[in-house]
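>>> What would the 3D arrangement of this be:
(chains A and B)
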Amino acid sequence: MLKLVNVTKRFFPGTINERVALDDLSLTLHEGDFVTVIGSNGAGKSTMLNVVAGRYLTEAGQVLIDDRDVTKMAEHKRASWVARVFQDPMAGTSPHLTIEENLAIAFQRGEHRGLRLAVTKAKREVFREALATLELGLEDRLQMRVGMLSGGQRQALSLLMATYAQPAILLLDEHTAALDPSRAELITRLTGEAVARHRLTTLMVTHNMHQAIELGNRLIMMHEGKVVLEVDEAEKKTITADRLLEEFSKIKGASLSDRTLLD
Amino acid sequence: MIIALEIGLLYAIMALGVYLTYRVLDFPDLTVDGSFTTGAATCAILLVSDVPIALAMIAGTVAGMLAGAVTGLLHVWGKINPLLAGILTQIALYSVNLRIMGNRANVPLLRIETLFSGLREDQLLGTWISVALFAVVVFAVGAMLYWFLGTSYGVGMRATGDNELMARSQGINTGVTKIVGLMISNGLVALCGTLVAQYQGFSDISMGIGLIVAGLASVIVGQAIFGMTAVWQAITAAALGSVIYRGVIQIALNNGFNPNDMKLVSAVLVVLALILPAWGPLKNLRLRRRRNKALMEGASA
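Down below sits the predicted model:
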(Lines give C-alpha, C1' and ligand atoms only; values in the text may rest on other atoms or scores of the structure.)
Protein backbone atom coordinates (compact mmCIF):
# COMPACT_ATOMS: atom_id res chain seq x y z
CA MET A 1 0.00 0.00 0.00
CA LEU A 2 1.23 3.46 -0.90
CA LYS A 3 0.09 6.65 0.76
CA LEU A 4 1.09 10.21 -0.11
CA VAL A 5 -0.18 12.65 2.52
CA ASN A 6 -0.19 16.39 1.78
CA VAL A 7 3.06 16.20 -0.14
CA THR A 8 4.61 19.44 -1.36
CA LYS A 9 7.73 19.61 -3.50
CA ARG A 10 9.31 22.87 -4.67
CA PHE A 11 12.19 23.25 -7.07
CA PHE A 12 14.70 26.04 -6.52
CA PRO A 13 12.98 27.20 -3.30
CA GLY A 14 13.72 30.77 -2.26
CA THR A 15 14.80 31.90 -5.73
CA ILE A 16 12.90 33.69 -8.46
CA ASN A 17 12.82 30.39 -10.33
CA GLU A 18 10.87 28.71 -7.55
CA ARG A 19 8.37 26.28 -8.97
CA VAL A 20 5.83 24.22 -7.06
CA ALA A 21 5.91 20.77 -8.64
CA LEU A 22 3.66 19.02 -6.14
CA ASP A 23 1.08 21.10 -4.30
CA ASP A 24 -0.33 19.53 -1.14
CA LEU A 25 -0.84 16.27 -3.01
CA SER A 26 -2.56 13.33 -1.37
CA LEU A 27 -3.05 9.93 -2.94
CA THR A 28 -3.67 6.40 -1.66
CA LEU A 29 -3.02 3.16 -3.52
CA HIS A 30 -4.45 0.05 -1.91
CA GLU A 31 -2.85 -3.36 -2.18
CA GLY A 32 -3.06 -4.48 -5.79
CA ASP A 33 -4.22 -1.13 -7.18
CA PHE A 34 -2.94 -0.25 -10.65
CA VAL A 35 -3.31 3.49 -11.08
CA THR A 36 -2.58 5.21 -14.37
CA VAL A 37 -1.59 8.88 -14.26
CA ILE A 38 -2.19 11.37 -17.06
CA GLY A 39 -1.68 15.12 -17.29
CA SER A 40 0.12 17.75 -19.32
CA ASN A 41 3.85 18.43 -19.18
CA GLY A 42 4.88 19.97 -15.90
CA ALA A 43 1.83 18.62 -14.09
CA GLY A 44 4.11 16.91 -11.56
CA LYS A 45 3.63 13.31 -12.68
CA SER A 46 7.29 12.40 -12.87
CA THR A 47 8.04 14.41 -9.74
CA MET A 48 5.47 12.34 -7.90
CA LEU A 49 7.21 9.12 -8.97
CA ASN A 50 10.58 10.55 -7.97
CA VAL A 51 9.17 11.45 -4.56
CA VAL A 52 7.86 7.91 -4.09
CA ALA A 53 11.19 6.42 -5.21
CA GLY A 54 13.16 8.73 -2.93
CA ARG A 55 15.17 10.46 -5.62
CA TYR A 56 13.58 13.72 -4.47
CA LEU A 57 12.89 14.46 -0.82
CA THR A 58 9.80 16.51 -0.04
CA GLU A 59 9.45 19.88 1.68
CA ALA A 60 6.24 18.90 3.45
CA GLY A 61 4.01 15.87 3.79
CA GLN A 62 4.57 12.17 4.25
CA VAL A 63 5.24 9.14 2.09
CA LEU A 64 4.04 5.83 3.55
CA ILE A 65 4.69 2.40 2.09
CA ASP A 66 2.85 -0.47 3.79
CA ASP A 67 2.24 1.91 6.74
CA ARG A 68 5.97 2.54 7.09
CA ASP A 69 7.00 6.19 7.00
CA VAL A 70 9.72 6.43 4.34
CA THR A 71 9.55 10.21 3.85
CA LYS A 72 13.20 10.74 4.75
CA MET A 73 14.56 7.38 3.64
CA ALA A 74 17.32 7.37 1.01
CA GLU A 75 16.58 6.09 -2.47
CA HIS A 76 18.76 2.96 -2.27
CA LYS A 77 17.06 1.89 0.96
CA ARG A 78 13.61 2.46 -0.44
CA ALA A 79 14.54 0.20 -3.32
CA SER A 80 13.66 -2.73 -1.01
CA TRP A 81 10.02 -1.85 -1.61
CA VAL A 82 10.00 0.38 -4.68
CA ALA A 83 11.01 -0.65 -8.21
CA ARG A 84 10.73 1.46 -11.32
CA VAL A 85 11.03 1.45 -15.07
CA PHE A 86 12.18 4.69 -16.66
CA GLN A 87 11.18 6.32 -19.91
CA ASP A 88 14.71 6.03 -21.29
CA PRO A 89 15.34 2.36 -22.21
CA MET A 90 19.03 2.95 -21.40
CA ALA A 91 18.31 4.09 -17.83
CA GLY A 92 17.14 0.88 -16.22
CA THR A 93 20.04 -1.40 -17.13
CA SER A 94 23.82 -1.36 -16.95
CA PRO A 95 25.20 -1.45 -20.52
CA HIS A 96 28.66 -2.90 -19.87
CA LEU A 97 27.34 -5.69 -17.69
CA THR A 98 25.97 -8.88 -19.17
CA ILE A 99 22.29 -9.78 -19.15
CA GLU A 100 22.85 -12.28 -16.34
CA GLU A 101 24.81 -9.75 -14.27
CA ASN A 102 22.05 -7.18 -14.64
CA LEU A 103 19.50 -9.77 -13.56
CA ALA A 104 21.69 -10.80 -10.61
CA ILE A 105 21.61 -7.21 -9.39
CA ALA A 106 17.87 -6.92 -9.81
CA PHE A 107 17.00 -10.27 -8.27
CA GLN A 108 18.91 -9.21 -5.16
CA ARG A 109 17.12 -5.91 -4.75
CA GLY A 110 16.84 -5.03 -1.09
CA GLU A 111 19.07 -7.90 -0.03
CA HIS A 112 22.56 -7.76 1.42
CA ARG A 113 25.18 -7.91 -1.31
CA GLY A 114 28.11 -9.94 -0.07
CA LEU A 115 31.12 -11.75 -1.44
CA ARG A 116 29.32 -14.71 -2.94
CA LEU A 117 29.49 -15.02 -6.70
CA ALA A 118 26.77 -12.94 -8.30
CA VAL A 119 26.03 -15.49 -11.02
CA THR A 120 25.95 -19.21 -10.28
CA LYS A 121 24.71 -22.21 -12.23
CA ALA A 122 21.56 -22.43 -10.15
CA LYS A 123 20.82 -18.74 -10.62
CA ARG A 124 21.37 -19.03 -14.36
CA GLU A 125 18.49 -21.48 -14.55
CA VAL A 126 16.26 -19.03 -12.69
CA PHE A 127 17.32 -16.20 -15.02
CA ARG A 128 16.67 -18.36 -18.08
CA GLU A 129 13.18 -19.20 -16.91
CA ALA A 130 12.37 -15.58 -16.12
CA LEU A 131 13.73 -14.34 -19.45
CA ALA A 132 11.70 -16.92 -21.33
CA THR A 133 8.51 -15.15 -20.18
CA LEU A 134 9.56 -12.18 -22.32
CA GLU A 135 9.50 -14.34 -25.44
CA LEU A 136 12.39 -12.39 -26.97
CA GLY A 137 14.92 -15.21 -27.01
CA LEU A 138 17.08 -13.44 -24.45
CA GLU A 139 17.30 -16.64 -22.38
CA ASP A 140 19.88 -17.92 -24.89
CA ARG A 141 22.01 -14.80 -24.62
CA LEU A 142 22.75 -14.60 -20.91
CA GLN A 143 26.36 -13.60 -21.42
CA MET A 144 25.69 -10.86 -23.91
CA ARG A 145 26.36 -7.33 -22.78
CA VAL A 146 23.16 -5.36 -22.34
CA GLY A 147 24.52 -2.44 -24.37
CA MET A 148 24.24 -4.66 -27.46
CA LEU A 149 20.45 -5.01 -27.10
CA SER A 150 17.87 -2.86 -28.84
CA GLY A 151 15.83 -0.28 -26.96
CA GLY A 152 12.78 -2.52 -26.85
CA GLN A 153 14.77 -5.49 -25.58
CA ARG A 154 16.42 -3.35 -22.93
CA GLN A 155 13.07 -1.99 -21.80
CA ALA A 156 11.64 -5.50 -21.58
CA LEU A 157 14.66 -6.47 -19.50
CA SER A 158 14.18 -3.39 -17.30
CA LEU A 159 10.58 -4.40 -16.76
CA LEU A 160 11.61 -7.91 -15.76
CA MET A 161 14.29 -6.49 -13.45
CA ALA A 162 11.73 -4.22 -11.80
CA THR A 163 8.98 -6.77 -11.34
CA TYR A 164 10.77 -10.06 -10.62
CA ALA A 165 11.62 -9.38 -6.97
CA GLN A 166 7.95 -8.45 -6.46
CA PRO A 167 8.28 -4.91 -5.13
CA ALA A 168 5.61 -3.48 -2.84
CA ILE A 169 5.29 -0.60 -5.30
CA LEU A 170 6.01 -0.58 -9.02
CA LEU A 171 6.59 2.78 -10.69
CA LEU A 172 6.34 3.10 -14.47
CA ASP A 173 7.41 6.44 -15.86
CA GLU A 174 6.17 6.68 -19.46
CA HIS A 175 8.10 3.50 -20.00
CA THR A 176 6.77 2.89 -23.51
CA ALA A 177 7.03 6.48 -24.78
CA ALA A 178 10.50 6.13 -26.31
CA LEU A 179 9.71 2.94 -28.25
CA ASP A 180 8.31 2.36 -31.72
CA PRO A 181 4.61 1.39 -31.77
CA SER A 182 5.06 -2.37 -32.08
CA ARG A 183 7.66 -2.47 -29.28
CA ALA A 184 5.49 -0.17 -27.17
CA GLU A 185 2.63 -2.61 -27.62
CA LEU A 186 4.83 -5.51 -26.56
CA ILE A 187 6.00 -3.70 -23.42
CA THR A 188 2.43 -2.70 -22.61
CA ARG A 189 1.35 -6.32 -22.87
CA LEU A 190 4.29 -7.55 -20.78
CA THR A 191 3.51 -4.89 -18.20
CA GLY A 192 -0.09 -6.06 -17.91
CA GLU A 193 1.05 -9.66 -17.55
CA ALA A 194 3.76 -8.94 -14.96
CA VAL A 195 1.49 -6.78 -12.83
CA ALA A 196 -1.29 -9.36 -12.97
CA ARG A 197 1.05 -12.26 -12.21
CA HIS A 198 2.35 -10.74 -9.00
CA ARG A 199 -0.67 -8.50 -8.26
CA LEU A 200 1.71 -5.54 -7.96
CA THR A 201 0.60 -2.20 -6.59
CA THR A 202 1.45 0.01 -9.53
CA LEU A 203 1.63 3.69 -10.41
CA MET A 204 2.02 4.32 -14.13
CA VAL A 205 2.56 7.68 -15.79
CA THR A 206 1.63 7.83 -19.45
CA HIS A 207 0.95 10.32 -22.21
CA ASN A 208 -1.06 7.78 -24.10
CA MET A 209 -4.78 8.12 -23.25
CA HIS A 210 -5.64 4.73 -24.68
CA GLN A 211 -2.94 3.05 -22.63
CA ALA A 212 -4.17 4.88 -19.54
CA ILE A 213 -7.65 3.52 -20.11
CA GLU A 214 -6.62 0.05 -21.19
CA LEU A 215 -4.30 -0.68 -18.27
CA GLY A 216 -5.03 -0.51 -14.55
CA ASN A 217 -8.12 -0.30 -12.37
CA ARG A 218 -8.00 3.40 -11.47
CA LEU A 219 -7.02 6.56 -13.30
CA ILE A 220 -6.02 10.00 -12.08
CA MET A 221 -5.40 13.23 -13.93
CA MET A 222 -2.87 15.71 -12.59
CA HIS A 223 -2.53 19.41 -13.22
CA GLU A 224 -0.18 21.92 -11.60
CA GLY A 225 0.93 19.52 -8.89
CA LYS A 226 -2.53 18.37 -7.86
CA VAL A 227 -4.85 15.50 -8.60
CA VAL A 228 -7.69 17.18 -10.48
CA LEU A 229 -9.67 14.14 -11.57
CA GLU A 230 -10.09 10.66 -10.11
CA VAL A 231 -11.74 7.89 -12.06
CA ASP A 232 -12.67 4.91 -9.91
CA GLU A 233 -12.84 1.27 -10.90
CA ALA A 234 -16.46 1.21 -12.05
CA GLU A 235 -16.23 4.44 -14.00
CA LYS A 236 -12.92 3.51 -15.62
CA LYS A 237 -14.51 0.56 -17.40
CA THR A 238 -16.74 2.85 -19.44
CA ILE A 239 -14.65 5.98 -19.84
CA THR A 240 -13.40 7.04 -23.28
CA ALA A 241 -10.42 9.04 -24.45
CA ASP A 242 -12.72 11.77 -25.75
CA ARG A 243 -14.32 12.22 -22.38
CA LEU A 244 -10.94 12.42 -20.70
CA LEU A 245 -9.80 15.07 -23.18
CA GLU A 246 -12.97 17.00 -22.59
CA GLU A 247 -12.42 16.92 -18.82
CA PHE A 248 -8.85 17.92 -19.38
CA SER A 249 -9.65 21.01 -21.44
CA LYS A 250 -12.34 21.96 -18.94
CA ILE A 251 -9.82 21.86 -16.09
CA LYS A 252 -7.19 23.64 -18.10
CA GLY A 253 -9.68 26.30 -19.14
CA ALA A 254 -10.79 26.76 -15.55
CA SER A 255 -7.29 27.28 -14.27
CA LEU A 256 -6.61 29.70 -17.10
CA SER A 257 -9.65 31.79 -16.28
CA ASP A 258 -8.67 31.70 -12.60
CA ARG A 259 -5.38 33.20 -13.53
CA THR A 260 -7.04 35.74 -15.76
CA LEU A 261 -9.19 36.80 -12.85
CA LEU A 262 -6.16 37.20 -10.63
CA ASP A 263 -4.46 39.38 -13.21
CA MET B 1 65.10 -5.59 -20.89
CA ILE B 2 64.52 -8.22 -18.20
CA ILE B 3 64.77 -5.42 -15.65
CA ALA B 4 62.03 -3.55 -17.55
CA LEU B 5 59.91 -6.70 -17.40
CA GLU B 6 60.45 -6.96 -13.66
CA ILE B 7 59.58 -3.33 -13.07
CA GLY B 8 56.60 -3.59 -15.38
CA LEU B 9 55.26 -6.54 -13.41
CA LEU B 10 55.82 -4.76 -10.10
CA TYR B 11 53.92 -1.70 -11.29
CA ALA B 12 51.20 -3.92 -12.76
CA ILE B 13 49.74 -4.11 -9.24
CA MET B 14 49.33 -0.35 -9.29
CA ALA B 15 47.82 -0.57 -12.78
CA LEU B 16 45.20 -2.99 -11.43
CA GLY B 17 44.33 -0.41 -8.77
CA VAL B 18 44.03 2.33 -11.37
CA TYR B 19 41.89 0.03 -13.54
CA LEU B 20 39.47 -0.37 -10.62
CA THR B 21 38.88 3.36 -10.22
CA TYR B 22 39.37 4.68 -13.74
CA ARG B 23 37.59 1.93 -15.63
CA VAL B 24 35.28 0.16 -13.20
CA LEU B 25 34.13 3.13 -11.12
CA ASP B 26 34.60 5.71 -13.92
CA PHE B 27 36.46 7.79 -11.32
CA PRO B 28 39.82 9.23 -12.45
CA ASP B 29 41.52 9.06 -9.07
CA LEU B 30 44.59 11.26 -8.65
CA THR B 31 45.13 10.12 -5.05
CA VAL B 32 47.47 7.52 -6.55
CA ASP B 33 50.52 9.83 -6.70
CA GLY B 34 50.26 10.33 -2.95
CA SER B 35 49.05 6.94 -1.77
CA PHE B 36 51.83 5.11 -3.63
CA THR B 37 54.42 7.06 -1.65
CA THR B 38 52.36 6.61 1.54
CA GLY B 39 52.62 2.84 1.13
CA ALA B 40 56.34 3.03 0.38
CA ALA B 41 57.09 5.47 3.22
CA THR B 42 55.08 3.55 5.82
CA CYS B 43 56.70 0.27 4.85
CA ALA B 44 60.23 1.73 4.75
CA ILE B 45 60.04 3.49 8.09
CA LEU B 46 58.66 0.34 9.74
CA LEU B 47 61.35 -1.81 8.15
CA VAL B 48 64.14 0.38 9.51
CA SER B 49 62.39 0.13 12.90
CA ASP B 50 62.80 -3.67 12.77
CA VAL B 51 59.13 -4.43 12.15
CA PRO B 52 58.63 -7.78 10.33
CA ILE B 53 58.41 -7.44 6.55
CA ALA B 54 54.87 -8.79 6.23
CA LEU B 55 53.58 -6.46 8.94
CA ALA B 56 55.30 -3.44 7.38
CA MET B 57 53.73 -4.22 4.01
CA ILE B 58 50.29 -4.69 5.50
CA ALA B 59 50.64 -1.38 7.36
CA GLY B 60 51.65 0.36 4.13
CA THR B 61 48.67 -1.11 2.29
CA VAL B 62 46.25 -0.07 5.03
CA ALA B 63 47.69 3.45 5.01
CA GLY B 64 46.96 3.62 1.28
CA MET B 65 43.41 2.39 1.86
CA LEU B 66 42.87 5.18 4.38
CA ALA B 67 44.06 7.70 1.79
CA GLY B 68 41.53 6.26 -0.66
CA ALA B 69 38.82 6.55 1.98
CA VAL B 70 39.62 10.26 2.42
CA THR B 71 39.21 10.91 -1.31
CA GLY B 72 35.99 8.89 -1.27
CA LEU B 73 34.57 10.83 1.66
CA LEU B 74 35.52 14.16 0.06
CA HIS B 75 33.67 13.14 -3.08
CA VAL B 76 30.66 11.30 -1.66
CA TRP B 77 29.86 13.33 1.42
CA GLY B 78 31.66 16.53 0.52
CA LYS B 79 30.23 16.43 -3.01
CA ILE B 80 33.61 17.50 -4.36
CA ASN B 81 34.37 16.75 -8.01
CA PRO B 82 36.34 13.46 -8.35
CA LEU B 83 39.43 15.04 -9.91
CA LEU B 84 39.57 17.78 -7.30
CA ALA B 85 38.97 15.37 -4.41
CA GLY B 86 41.89 13.26 -5.61
CA ILE B 87 44.20 16.25 -6.06
CA LEU B 88 43.37 17.55 -2.58
CA THR B 89 44.17 14.21 -0.94
CA GLN B 90 47.30 13.87 -3.04
CA ILE B 91 48.70 17.26 -2.03
CA ALA B 92 47.80 16.70 1.62
CA LEU B 93 49.56 13.34 1.48
CA TYR B 94 52.79 15.05 0.46
CA SER B 95 53.02 16.54 3.95
CA VAL B 96 51.73 13.36 5.58
CA ASN B 97 54.33 11.27 3.75
CA LEU B 98 57.16 13.55 4.94
CA ARG B 99 55.84 13.14 8.49
CA ILE B 100 55.70 9.37 8.11
CA MET B 101 59.34 9.33 7.06
CA GLY B 102 60.26 11.41 10.13
CA ASN B 103 60.40 14.74 8.27
CA ARG B 104 62.96 13.41 5.84
CA ALA B 105 62.60 13.22 2.08
CA ASN B 106 64.26 9.83 1.86
CA VAL B 107 64.46 6.63 3.89
CA PRO B 108 67.24 4.30 2.66
CA LEU B 109 66.89 0.56 3.25
CA LEU B 110 70.62 -0.16 3.18
CA ARG B 111 71.53 -3.42 4.89
CA ILE B 112 67.88 -3.89 5.87
CA GLU B 113 66.24 -7.25 5.32
CA THR B 114 63.51 -6.83 2.65
CA LEU B 115 61.23 -9.09 0.66
CA PHE B 116 63.82 -9.18 -2.12
CA SER B 117 66.94 -9.80 0.03
CA GLY B 118 66.85 -13.53 -0.63
CA LEU B 119 66.53 -13.09 -4.39
CA ARG B 120 69.29 -10.49 -4.40
CA GLU B 121 71.70 -12.65 -2.42
CA ASP B 122 71.10 -15.60 -4.72
CA GLN B 123 71.59 -13.19 -7.66
CA LEU B 124 68.20 -14.11 -9.04
CA LEU B 125 66.95 -10.54 -9.53
CA GLY B 126 67.08 -9.57 -13.17
CA THR B 127 66.75 -13.20 -14.27
CA TRP B 128 63.83 -15.09 -15.73
CA ILE B 129 63.30 -16.75 -12.38
CA SER B 130 62.44 -13.45 -10.68
CA VAL B 131 60.31 -12.47 -13.67
CA ALA B 132 58.37 -15.72 -13.31
CA LEU B 133 57.98 -15.16 -9.56
CA PHE B 134 56.72 -11.61 -10.08
CA ALA B 135 54.35 -12.81 -12.79
CA VAL B 136 52.86 -15.35 -10.38
CA VAL B 137 52.28 -12.63 -7.79
CA VAL B 138 50.64 -10.33 -10.35
CA PHE B 139 48.52 -13.21 -11.59
CA ALA B 140 47.36 -13.93 -8.02
CA VAL B 141 46.42 -10.29 -7.40
CA GLY B 142 44.66 -10.10 -10.77
CA ALA B 143 42.78 -13.32 -10.07
CA MET B 144 41.59 -11.97 -6.72
CA LEU B 145 40.41 -8.76 -8.35
CA TYR B 146 38.60 -10.79 -11.01
CA TRP B 147 36.92 -12.91 -8.35
CA PHE B 148 35.88 -9.80 -6.41
CA LEU B 149 34.35 -8.14 -9.48
CA GLY B 150 32.25 -11.26 -10.01
CA THR B 151 30.79 -11.28 -6.50
CA SER B 152 27.46 -9.66 -5.69
CA TYR B 153 29.28 -6.70 -4.17
CA GLY B 154 31.69 -6.46 -7.10
CA VAL B 155 28.96 -6.58 -9.73
CA GLY B 156 27.19 -3.84 -7.77
CA MET B 157 30.41 -1.81 -7.90
CA ARG B 158 30.63 -2.24 -11.66
CA ALA B 159 27.02 -1.15 -12.04
CA THR B 160 27.78 1.89 -9.88
CA GLY B 161 30.46 2.99 -12.33
CA ASP B 162 28.42 2.03 -15.37
CA ASN B 163 24.98 3.43 -14.57
CA GLU B 164 24.85 5.03 -11.16
CA LEU B 165 21.16 5.95 -11.27
CA MET B 166 20.23 2.38 -12.12
CA ALA B 167 22.49 1.03 -9.37
CA ARG B 168 20.82 3.24 -6.78
CA SER B 169 17.34 2.39 -7.95
CA GLN B 170 18.27 -1.29 -7.54
CA GLY B 171 19.16 -0.66 -3.89
CA ILE B 172 22.93 -0.27 -4.16
CA ASN B 173 24.43 2.28 -1.81
CA THR B 174 26.51 3.90 -4.52
CA GLY B 175 28.26 6.32 -2.14
CA VAL B 176 29.64 3.62 0.15
CA THR B 177 30.43 1.44 -2.86
CA LYS B 178 32.58 4.19 -4.37
CA ILE B 179 34.43 4.68 -1.09
CA VAL B 180 35.10 0.94 -0.81
CA GLY B 181 36.30 0.89 -4.43
CA LEU B 182 38.67 3.79 -3.80
CA MET B 183 40.00 2.05 -0.70
CA ILE B 184 40.71 -1.21 -2.53
CA SER B 185 42.28 0.68 -5.43
CA ASN B 186 44.56 2.79 -3.25
CA GLY B 187 45.35 -0.27 -1.14
CA LEU B 188 46.69 -1.97 -4.29
CA VAL B 189 48.60 1.18 -5.24
CA ALA B 190 50.16 1.41 -1.76
CA LEU B 191 50.97 -2.30 -1.80
CA CYS B 192 52.79 -1.63 -5.06
CA GLY B 193 54.59 1.25 -3.26
CA THR B 194 55.80 -1.09 -0.52
CA LEU B 195 57.15 -3.48 -3.18
CA VAL B 196 58.88 -0.78 -5.20
CA ALA B 197 60.49 0.76 -2.11
CA GLN B 198 61.93 -2.64 -1.15
CA TYR B 199 62.94 -3.40 -4.73
CA GLN B 200 64.85 -0.17 -5.25
CA GLY B 201 66.12 -0.06 -1.67
CA PHE B 202 64.69 3.26 -0.51
CA SER B 203 61.53 5.27 -0.12
CA ASP B 204 61.53 8.79 -1.53
CA ILE B 205 59.05 11.64 -1.25
CA SER B 206 59.01 12.15 -5.02
CA MET B 207 58.67 8.51 -6.05
CA GLY B 208 54.94 8.84 -6.69
CA ILE B 209 55.03 12.00 -8.79
CA GLY B 210 53.32 11.48 -12.13
CA LEU B 211 52.53 7.89 -11.31
CA ILE B 212 48.86 8.26 -12.16
CA VAL B 213 49.96 8.90 -15.74
CA ALA B 214 51.93 5.64 -15.71
CA GLY B 215 48.87 3.88 -14.31
CA LEU B 216 46.54 5.38 -16.90
CA ALA B 217 49.09 4.63 -19.62
CA SER B 218 49.08 0.97 -18.57
CA VAL B 219 45.29 0.73 -18.51
CA ILE B 220 44.71 2.70 -21.71
CA VAL B 221 47.59 1.24 -23.74
CA GLY B 222 46.61 -2.24 -22.57
CA GLN B 223 43.02 -1.78 -23.60
CA ALA B 224 43.94 -0.15 -26.90
CA ILE B 225 45.99 -3.24 -27.72
CA PHE B 226 44.05 -6.08 -26.11
CA GLY B 227 40.49 -4.78 -26.20
CA MET B 228 38.26 -4.44 -23.20
CA THR B 229 35.13 -6.50 -23.48
CA ALA B 230 35.11 -8.95 -20.58
CA VAL B 231 36.39 -8.24 -17.08
CA TRP B 232 39.17 -10.80 -17.23
CA GLN B 233 40.34 -9.31 -20.52
CA ALA B 234 40.40 -5.81 -19.07
CA ILE B 235 42.34 -6.99 -16.01
CA THR B 236 44.86 -8.83 -18.18
CA ALA B 237 45.12 -5.81 -20.45
CA ALA B 238 45.88 -3.49 -17.51
CA ALA B 239 48.61 -5.79 -16.18
CA LEU B 240 50.19 -6.37 -19.59
CA GLY B 241 49.79 -2.66 -20.34
CA SER B 242 52.07 -1.94 -17.41
CA VAL B 243 54.73 -4.26 -18.84
CA ILE B 244 54.44 -2.69 -22.28
CA TYR B 245 54.60 0.80 -20.81
CA ARG B 246 57.85 0.01 -18.97
CA GLY B 247 59.16 -1.58 -22.14
CA VAL B 248 58.48 1.58 -24.13
CA ILE B 249 60.17 3.66 -21.42
CA GLN B 250 63.19 1.35 -21.57
CA ILE B 251 63.35 1.64 -25.35
CA ALA B 252 63.18 5.42 -25.08
CA LEU B 253 66.03 5.39 -22.54
CA ASN B 254 68.12 3.19 -24.80
CA ASN B 255 67.57 5.59 -27.68
CA GLY B 256 69.04 8.81 -26.39
CA PHE B 257 66.35 10.09 -24.04
CA ASN B 258 67.51 10.70 -20.49
CA PRO B 259 65.55 9.81 -17.33
CA ASN B 260 64.39 13.42 -16.96
CA ASP B 261 62.52 13.12 -20.24
CA MET B 262 60.44 10.19 -19.03
CA LYS B 263 57.49 12.21 -17.74
CA LEU B 264 57.19 13.81 -21.16
CA VAL B 265 57.45 10.43 -22.86
CA SER B 266 54.75 9.06 -20.51
CA ALA B 267 52.39 11.92 -21.22
CA VAL B 268 52.89 11.63 -24.99
CA LEU B 269 52.30 7.89 -24.78
CA VAL B 270 48.99 8.37 -22.95
CA VAL B 271 47.89 11.04 -25.41
CA LEU B 272 48.67 8.76 -28.34
CA ALA B 273 46.89 5.81 -26.76
CA LEU B 274 43.85 8.00 -26.16
CA ILE B 275 43.72 9.64 -29.56
CA LEU B 276 44.72 6.83 -31.90
CA PRO B 277 41.97 4.31 -31.23
CA ALA B 278 39.06 6.62 -31.98
CA TRP B 279 36.90 3.55 -31.88
CA GLY B 280 38.27 2.52 -28.51
CA PRO B 281 37.73 3.17 -24.82
CA LEU B 282 37.53 6.92 -25.19
CA LYS B 283 34.58 6.63 -27.50
CA ASN B 284 32.73 4.36 -25.09
CA LEU B 285 33.45 6.77 -22.28
CA ARG B 286 32.10 9.68 -24.28
CA LEU B 287 28.95 7.77 -25.19
CA ARG B 288 28.36 6.89 -21.56
CA ARG B 289 28.88 10.51 -20.47
CA ARG B 290 26.47 11.74 -23.09
CA ARG B 291 23.89 9.20 -22.03
CA ASN B 292 24.23 10.13 -18.37
CA LYS B 293 23.94 13.79 -19.23
CA ALA B 294 20.80 13.17 -21.23
CA LEU B 295 19.45 11.19 -18.28
CA MET B 296 20.12 14.00 -15.83
CA GLU B 297 18.38 16.45 -18.11
CA GLY B 298 15.49 14.05 -18.48
CA ALA B 299 15.20 13.67 -14.71
CA SER B 300 15.14 17.40 -14.05
CA ALA B 301 12.72 18.17 -16.87
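>>> How about A:Ala241, nearest residue that isn't a chain neighbour?
Counting by Cβ to Cβ, 6 or more residues apart in numbering or on different chains, A:Ala241 lies nearest to A:Met209, which is 4.1 Å off, once chain neighbours are set aside. For glycine as for every other residue, the C-beta is placed from the backbone atoms N, C-alpha and C.
>>> Hmm, that neighbour is touching A:Arg243, no?
No. If you go by Cβ atoms under 8 Å, A:Met209 and A:Arg243 don't touch, sitting 9.9 Å apart.
>>> These two: who's more crowded?
The neighbour comparison of A:Met209 against A:Arg243 (other Cβ atoms under 10 Å in any protein chain shown) goes to A:Met209, with 19 against 14.
>>> what's near enough to touch the more buried one?
A:Met209 makes contact with A:38, A:241, A:244-245 under the criterion Cβ atoms under 8 Å, 6 or more residues apart in numbering or on different chains.
>>> do the same with A:Met204
Applying Cβ under 8 Å, 6+ apart, the residues near A:Met204 are A:34-37, A:171-172, A:175, A:191, A:212, A:215-216.
>>> Same question for A:Thr201.
Each residue near A:Thr201 by Cβ under 8 Å, 6+ apart is listed here: A:1-2, A:29-34, A:168-170.
>>> Mind doing that once more with 6 Å?
A:29, A:33, A:169 (Cβ atoms under 6 Å, 6 or more residues apart in numbering or on different chains).
>>> So which of the contacts of A:Met209 are in strands?
Mapping the contacts of A:Met209 onto strands (DSSP state E) picks out A:Ile38.
>>> count of neighbours near whatever residue of chain A ends up closest to chain B?
With Cβ to the nearest Cβ, the shortest gap between chain A and chain B falls at A:Ala79, namely 3.3 Å. A:Ala79 is flanked by 24 other residues according to other Cβ under 10 Å.
>>> so what's it closest to, chain neighbours aside?
B:Gly171 (3.3 Å).
>>> Which strand or helix spans the one you found?
Using DSSP states H and E, B:Gly171 sits within no helix or strand.
>>> Quick check: it touching A:Arg109?
Yes. Using Cβ atoms under 6 Å, B:Gly171 is in contact with A:Arg109, at 4.8 Å.
>>> Alongside chain B, which residues does chain A contribute?
By Cβ under 6 Å from any Cβ of the partner chain, the residues of chain A that approach chain B are A:75-76, A:79, A:84, A:90-92, A:94, A:96, A:101, A:104-106, A:109-110, A:113-118.
>>> Report the buried members of those.
Using 16 or more other Cβ atoms under 10 Å in any protein chain shown as the burial test, these include A:75-76, A:79, A:84, A:90-92, A:94, A:96, A:101, A:104-106, A:109-110, A:113, A:118 as buried.
>>> Strands of the stretch 151-300 of chain B, start to end?
With DSSP state E, counting those that start in this stretch, the ranges of strands along the stretch 151-300 of chain B come out as B:202-204.
>>> all helices of it, in order?
Counting by DSSP state H, counting those that start in this stretch, one finds helices in the stretch 151-300 of chain B at the ranges B:152-162, B:164-169, B:174-200, B:211-226, B:231-254, B:262-275, B:281-300.
>>> Return the distance of the third one from the chain's centre.
Its chain's C-alpha centre lies 7 Å from the corresponding centre of helix B:174-200 when counted by Cα atoms, centre = their mean, to the nearest Å.
>>> Quick one: mean pLDDT for it?
Helix B:174-200 comes out with an average pLDDT of 98.
>>> Then the fourth one?
Predicted confidence along helix B:211-226 averages 89 (mean pLDDT).
>>> Remind me what that helix packs against, helices and strands.
helix B:2-18, helix B:32-48, helix B:231-254, helix B:262-275 (3 or more Cβ pairs under 6 Å, 6 or more residues apart in numbering or on different chains; DSSP states H and E).
>>> okay, these in TSV with mean pLDDT, mean neighbour count and distance to B:Ala143 next?
Converted to TSV, these look like this (pLDDT from 0 to 100; neighbours: other Cβ atoms under 10 Å in any protein chain shown; distance: least, Cβ to Cβ, whole Å):
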stretch	mean pLDDT	mean neighbour count	distance to B:Ala143
helix B:2-18	96	24	11
helix B:32-48	98	30	21
helix B:231-254	94	21	9
helix B:262-275	87	16	26
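>>> correct me, but A:Leu64 touches A:Met1?
No. Assessed by Cβ under 6 Å, A:Leu64 is found out of contact with A:Met1, at 7.7 Å.
>>> sorry, back to before: by neighbours, which of the contacts of A:Met209 wins?
That'd be A:Ile38 among the contacts of A:Met209, by other Cβ under 10 Å, with 26 neighbours.
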